[in-house]
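Chemist: predicted model and sequence follow; I will ask about them next.
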Amino acid sequence: MRIIRAELAKLFSTRMWWILLAALAVYVAFVAVLFAVLFGALSDQLNTGAGAPVELGDVFTLVYSSATAIGYVFPVLLGALAVTAEFRHQTLTPTFLATPGRGRVLAGKVAALGVVGGLFGVVAFIASVAPGALVLDLTDMNTGLGDTDTWLMIARGILAMALWAIIGVGLGALIPNQVAVIVIVLVFTQFLEPILRTAAGIWEWAGTLAQFLPGAASDALVGASVFSALGTTGGAPVLEWWQGGLVLLAIAVVATVAGYLTSWKKDVT
Amino acid sequence: MPSGVSIEINGLSKSFGKVQAVSDLSFTVQPGRVTGFLGPNGAGKTTTLRMLLNLVKPSSGTATFGGVAYANLDAPLATVGTALEAASFHPGRTARSHLSLYARAAGIDQSRVDATLELVGLGSYATRRVGGYSLGMRQRLGLAFALLGDPGVLVLDEPINGLDPEGIRWIRMFLGELAAQGRTVLVSSHLLSEVQQTVDEVVIIAKGRLVYQGALASLEQGTRVVVDALDRPGLRTALAAAGAAVSDVDTGLAVTGLTAPEIGLTALRAGIALNLLAPESEGLEKIFLKLVGEDVNA
């Protein structure tokens, strides 16, 4: 327990956590409001015209899930930076002096980042639901807040953010170079995966593979995302929520164990 | 008062690829005195200390604290206090939060944090971020980390490096006190002169091998003293009779095997008035350099 408390103290004793958290909240709130306004106006226009109303699905799930669909990169960065900072500032020395069991230290980090990742999730959903629901309400659209399913989606989203933070820990251990891991995380999450998921809509076999991409698995766990709603993934299959969760968990475990074996166990010189 | 246990290094070796950093090193460090761990840069001091502390895995051999490896200590920070040369701080953390989180990890009472900061003279800088610290302040914070658990054994890598004269005087006195309390104190340095006034014992290594272990005083016995008298032949005879090795130099006679006071006494008994009695001040440093194979004049 005390190793988890120490790892939490580590996270909260530098400025990184609240810089990332503030950026997450602002970014997610902006996107949620944008979606609420955009889809509110869109469905108004589509449905006032003649002919059958176009089914956009539940706009509110789309708005709220921007917390994870857009915000998941922040817990990943937090986890990765928490590990790479130890290499960069050579704090592995005092860390391993205080706790010689290196596996225990890494386990403590995983637990601490799981907790803080969940906290990021809570803040991200506050940032998406509060302004998003306000806009939806003002435009006379369903906010879905009376619906148990909405709250279940939010709970799954918080779990996804916790898993993302742990994936960050694994990536940081696997790629101890701070600059390298930041670049890799940003390029993959912001550029590579969206392209792959869009391209995967073209061929059926690619779609089958693409559902195992981490972002797709995360969206499956949460149960909604702008990617699936806008149909950019075409008719690509989507995993069940628990399958998506297991895929994220598997990625986190594999990355962390691989990181432990490659960099974490090495000589600290 | 925590009493120290001995540090036991036994057949320790480490190679990094093809480079043999430490070769079959064995020595023991006893509690109750300050032991200097000396050698030129690159001799393998830091690697040896890091192997002792379970940070670097030895290729072979063991390093223990009273028979227990660092990884198996029940309360590592309360048994062994460590300050390693590479200042390992997150620049964005304050000194207090730096110490506080390691105290938390090691199960040490939080009251020790401010106590050790006071002890090393950083009390008024406790809430300042370490990124703004001078080298000397970082050294003191490193020492505070070492003292956090009030340990019986202290392992300090180049603790004097970067301290101002006032700090040097303070740490010399402080290390002496810690040893007098019965603790084991191991202090590494690449300069003998830096620790000469502090240490009782020395362990000297060069190129990863042990070249000397013993009291500093016995190392000094090889030091030359230059003497002269009007009756130079008489002095030579008297000194030779007292068991000294005597040779001629420009300024008189170079004597080894006797200390300056002993030479004075010998001359007095022989009824010879000395007009020169000069122990070579750089003798110890010269012996040290000769031992580690860096004697430029050799």
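Modeler: Done, it's in. Everything numeric in this text was worked out from a predicted model, so none of it was measured.

Chemist: how about the residues of the stretch 101-250 of chain B by chain A?
Modeler: Counting by C-beta under 8 Å from any C-beta of the partner chain, the positions of the stretch 101-250 of chain B adjacent to chain A are B:101-102, B:104-107, B:145. All C-beta spots, glycine's among them, are computed from the backbone N, C-alpha and C.

Chemist: strands - which of those residues land there?
Modeler: Counted as lying in strands by DSSP state E, out of those, is not a single one.

Chemist: whichever of those end up buried, select them in ChimeraX.
Modeler: In ChimeraX syntax, the buried subset of these is picked out as below (16 or more other C-beta atoms under 10 Å in any protein chain shown):
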select /B:101,102,104,105,106,145
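
Chemist: in helices, which of the residues of the stretch 101-250 of chain B next to chain A fall?
Modeler: Of the positions in these, B:101-102, B:104-106, B:145 sit in helices, assigned by DSSP state H.

Chemist: helix or strand next in line after the lowest-mean-pLDDT helix or strand in chain B, which one?
Modeler: Lowest mean confidence among the helices and strands of chain B (mean pLDDT, DSSP states H and E): helix B:216-220, at a mean of 74. With elements assigned by DSSP states H and E, the helix or strand that comes after helix B:216-220 is strand B:225-229.

Chemist: what about dumping the CA coordinates of that next one to CSV?
Modeler: The C-alpha coordinates for strand B:225-229 follow below in CSV (Å, rounded to 0.1, in the frame of the first residue of the first chain):
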residue,chain,number,x,y,z
VAL,B,225,61.5,13.5,5.4
VAL,B,226,64.4,15.7,4.2
VAL,B,227,66.9,16.6,7.0
ASP,B,228,70.2,18.3,7.2
ALA,B,229,72.8,19.2,9.8
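
Chemist: pull the residues that contact it.
Modeler: If you take C-beta atoms under 8 Å, 6 or more residues apart in numbering or on different chains as the criterion, strand B:225-229 is touched by B:235, B:239, B:249, B:251-256, B:258-260, B:263, B:267, B:272-280.

Chemist: just the buried members of those?
Modeler: For these, buried by 16+ other C-beta under 10 Å: B:235, B:239, B:252-255, B:258, B:263, B:267, B:272, B:274, B:277, B:279.

Chemist: just flag the most distant two among the residues you listed.
Modeler: Of all pairs drawn from the buried ones among the contacts of strand B:225-229, the one with the longest distance (C-beta to C-beta) is B:272 and B:279, at 18.3 Å.

Chemist: for chain A, which residues are neighbours of chain B?
Modeler: Contact residues, chain A versus chain B (C-beta under 8 Å from any C-beta): A:2-3, A:5-6, A:9-10, A:13-16, A:85, A:89-101, A:267-269.

Chemist: out of those, which sit inside strands?
Modeler: Nothing among the residues of chain A next to chain B maps onto strands, per DSSP E.

Chemist: in chain A, where is pLDDT below threshold?
Modeler: Scanning chain A for pLDDT under 70 picks out A:43-57, A:225-237.

Chemist: what's the residue closest to the geometric middle of it?
Modeler: Closest residue to the average C-alpha location of chain A: residue A:72 at 2.2 Å, with C-alpha atoms, centre = their mean.

Chemist: go ahead and confirm it touches residue A:218.
Modeler: Yes. Counting by C-beta atoms under 8 Å, residue A:72 does reach residue A:218; the two are 5.8 Å apart.

Chemist: quickly list what's touching both of the two.
Modeler: Contact criterion C-beta under 8 Å, 6+ apart; residues shared by residue A:72 and residue A:218: A:160, A:164.

Chemist: ok, residue B:156 - contacts?
Modeler: B:82-83, B:143, B:146, B:175, B:185-188.

Chemist: and if we set it to 10 Å?
Modeler: Under the criterion of C-beta atoms under 10 Å, 6 or more residues apart in numbering or on different chains, the neighbours of residue B:156 are B:34, B:37, B:49, B:81-85, B:139, B:142-143, B:146, B:171, B:175, B:178, B:185-189.

Chemist: pLDDT averaged over the helix or strand harbouring it - what is it?
Modeler: Secondary structure assigned from DSSP H and E places residue B:156 in strand B:153-157. Average pLDDT, strand B:153-157: 96.

Chemist: any buried residues in the next helix or strand after that strand, and which?
Modeler: Where DSSP H and E defines the elements, the next helix or strand beyond strand B:153-157 is helix B:165-180. Applying a neighbour-count criterion of 16+ other C-beta under 10 Å, one finds B:167-168, B:171-172, B:174-176, B:178-179 buried in helix B:165-180.

Chemist: can you check stretch A:155-166 too?
Modeler: Residues of stretch A:155-166 classed as buried: A:156-166 (neighbour count, 16+ other C-beta under 10 Å).

Chemist: where does the stretch 151-298 of chain B have low pLDDT?
Modeler: Per-residue confidence for the stretch 151-298 of chain B (pLDDT under 70) gives these ranges: B:220-222, B:281-283, B:294-298.

Chemist: residues in contact with residue 138?
Modeler: Chain wasn't specified; assuming chain A. The contact partners of residue A:138, taken as C-beta under 10 Å, 6+ apart, are A:36-37, A:40.

Chemist: chain B, not that one
Modeler: Contact criterion C-beta under 10 Å, 6+ apart gives B:87-89, B:95, B:122, B:130, B:162 as the residues in contact with residue B:138.
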